[in-house]
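**Q** build me a structure from this.
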Amino acid sequence: MFKIISIYTALLCCINLVNSDEIYSLKKDYEKIVVIDGTDQASIKLGMQNALSSLLIDLTGNSKIVKNSNIKMMMDLPETYISQYKLGSEDDEIVASFIFEGDIIRNYLSENELPIWLSNKPLILSFLPCKEINLSEEMTDELKICNSLEEDLRSLSQNRITKVIRPLMDLTDLNYYESLSPNSIDIFMKKLSRRYEISAWITCVIQDQFGFLLEEPECISSYGNPPLSLEKTFNELLDTVNFKRSLVVNKTIQNNTQIKLEGINSFFALKKTLEDLNSQVLIYEVAVLEIAGDDINISLSHYGSEEDLLNLIDMHENYKKITTLSKDIIAFKYITS
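**A** Got it, this is the predicted structure:
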């Protein structure tokens, strides 16, 4: 079995070191690192397939995307999407680093009308009663199971683009918890969700209502699923959250939208802006209509609705939508990286 290790793992721990404005699916290149069994061509290709599978889950925000027939076709020729790779060793294991080309993969997804996840890292509120409430350090069976559960949750959050937040469990949270019956954990989570303003949540229990250990931890989420394993609950929740922030490029719908960009104060800024816009999955033609000082008017021919286009541009870290005196003028401020 191959162990998938994302190059972003270190950046997806409890503290968020990734630029919160960066949209993952708009990056130029992606590096994925996998541990492989050998240096022969078969092992390297299987490593490519595992790395590509992990990347596609990240880019679409859907853990089930690898079952799609068009994605299975990608897996036959994973090298098509790789610009370079290198082999190394780490902790007596053979490690392969693959660099994937973002534009090629995004074009394939859009041509096959597959979703592209367009959002910042979503937040998920997590609560493990056995960890947050039982403060004993004695290494009981319960604590061992709970520590393992917490480690599994950390691993899941590192392997997908998300950030898990734990409640403070201050007096307010404790009062919420103590005022509820043991079977009302979902009500407690809804209270926490409102307090922390995080709509997506997950919680797990390891004991039944009589205090006996369950054979397996049972987890529920704001997705509304019946009690399932942690991995299934986590992936179902994140898939649901990401679906609402995904875009499917429909090439049968074509439109033209004119926008105004302010703050283009150099040739470099103009060049970068045109390159940025030309690389967006919805846009197939960019035309400069007028340049007036630091402002430019641009015509964008694109797939999908005007709303889809504006949401896409607004997500980009270099553009911020601004209000104008006329509601007919769509304007963005160019922000230097």
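
**Q** mind giving me the domain ranges of the protein?
**A** Split into domains by automatic domain parsing, the chain comes to 4-117, 123-243, 254-334.

**Q** what are the phi and psi angles of Val281?
**A** phi -60, psi -30 (degrees, to the nearest 10).

**Q** after the lowest-mean-pLDDT helix or strand in the chain comes which helix or strand?
**A** Each helix and strand of the chain was given a mean pLDDT (mean pLDDT, DSSP states H and E); the minimum falls on strand 4-6 at a mean of 31. Downstream of strand 4-6, the first helix or strand assigned by DSSP states H and E is strand 29-36.

**Q** now do the buried residues in that next one.
**A** Tyr30, Glu31, Lys32, Ile33, Val34, Val35, Ile36 (16 or more other CB atoms under 10 Å). C-beta coordinates here come from the backbone N, C-alpha and C atoms, glycine included.

**Q** the second one contacts Glu101, doesn't it?
**A** This means Glu31. No - using CB atoms under 8 Å, Glu31 makes no contact with Glu101, being 11.3 Å away.

**Q** let me see the ranges of the helices in the chain.
**A** Under the criterion DSSP state H, the chain contains helices at 41-60, 69-76, 102-111, 129-132, 141-159, 171-178, 185-196, 230-243, 267-278, 306-315.

**Q** I'd like those as TSV, with distance to Ala292 and mean pLDDT appended.
**A** TSV is the format used below for these (distance: least, CB to CB, whole Å; pLDDT from 0 to 100):
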stretch	distance to Ala292	mean pLDDT
helix 41-60	38	97
helix 69-76	44	96
helix 102-111	31	91
helix 129-132	58	76
helix 141-159	47	91
helix 171-178	54	89
helix 185-196	46	93
helix 230-243	40	95
helix 267-278	13	91
helix 306-315	20	84
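
**Q** can you redo the ones you listed as TSV with distance to Tyr284?
**A** Shown next, in TSV, are the helices of the chain (distance: least, CB to CB, whole Å):
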stretch	distance to Tyr284
helix 41-60	20
helix 69-76	20
helix 102-111	10
helix 129-132	51
helix 141-159	34
helix 171-178	51
helix 185-196	41
helix 230-243	25
helix 267-278	9
helix 306-315	11
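
**Q** between the ones you listed, which gets nearest to Asp92?
**A** helix 41-60 (15.9 Å; CB to CB).

**Q** since we're on the closest residue to Ile82 other than its chain neighbours, how many residues are nearby?
**A** Among residues not flanking Ile82 along the chain, Phe98 sits closest, at 5.3 Å (CB to CB, 6 or more residues apart in numbering). Neighbourhood size, Phe98 [other CB atoms under 10 Å]: 25.

**Q** now swap in Ala200 and tell me
**A** 19.

**Q** likewise for Asn311?
**A** 16.

**Q** give the contact list for the closest residue in space to it that isn't next to it in sequence.
**A** Excluding its sequence neighbours, the residue lying closest to Asn311 (CB to CB, 6+ apart) is Leu118, at 7.3 Å. Contacts for Leu118 (CB atoms under 8 Å, 6 or more residues apart in numbering) come out as Ile23, Ser25, Leu26, Arg245, Ser246, Leu247, Asn311, Leu312, Met315.

**Q** could you redo the last one with a cut-off of 6 Å?
**A** Ser25, Leu247, Met315 (CB atoms under 6 Å, 6 or more residues apart in numbering).

**Q** can you check Glu142 too?
**A** Cys130.

**Q** likewise for Ile71?
**A** Residues near Ile71 by CB under 6 Å, 6+ apart: Ile65.

**Q** the most centrally placed residue in the chain: what's it in contact with?
**A** Centroid-nearest residue in the chain: Ile161, 3.6 Å away (criterion: CA atoms, centre = their mean). Neighbour list for Ile161: Tyr24, Asp58, Lys121 [criterion: CB under 6 Å, 6+ apart].

**Q** from Arg194, how far out is it?
**A** 25 Å (CB to CB, to the nearest Å).

**Q** returning to what we had before: which one of the helices of the chain lies nearest to Tyr85?
**A** Using CB to CB, the nearest of the helices of the chain to Tyr85 is helix 41-60, at 7.5 Å.

**Q** what's in contact with that closest one?
**A** Contacts for helix 41-60 (CB under 6 Å, 6+ apart): 2, 4, 25, 30, 32, 34, 36-37, 63, 65-66, 75, 78, 96, 98, 100, 115, 117, 161.

**Q** flag every buried residue along stretch 200-217.
**A** Neighbour-count burial for stretch 200-217 [16+ other CB under 10 Å]: Ala200, Trp201, Ile202, Thr203, Cys204, Val205, Ile206, Gln207, Pro217.
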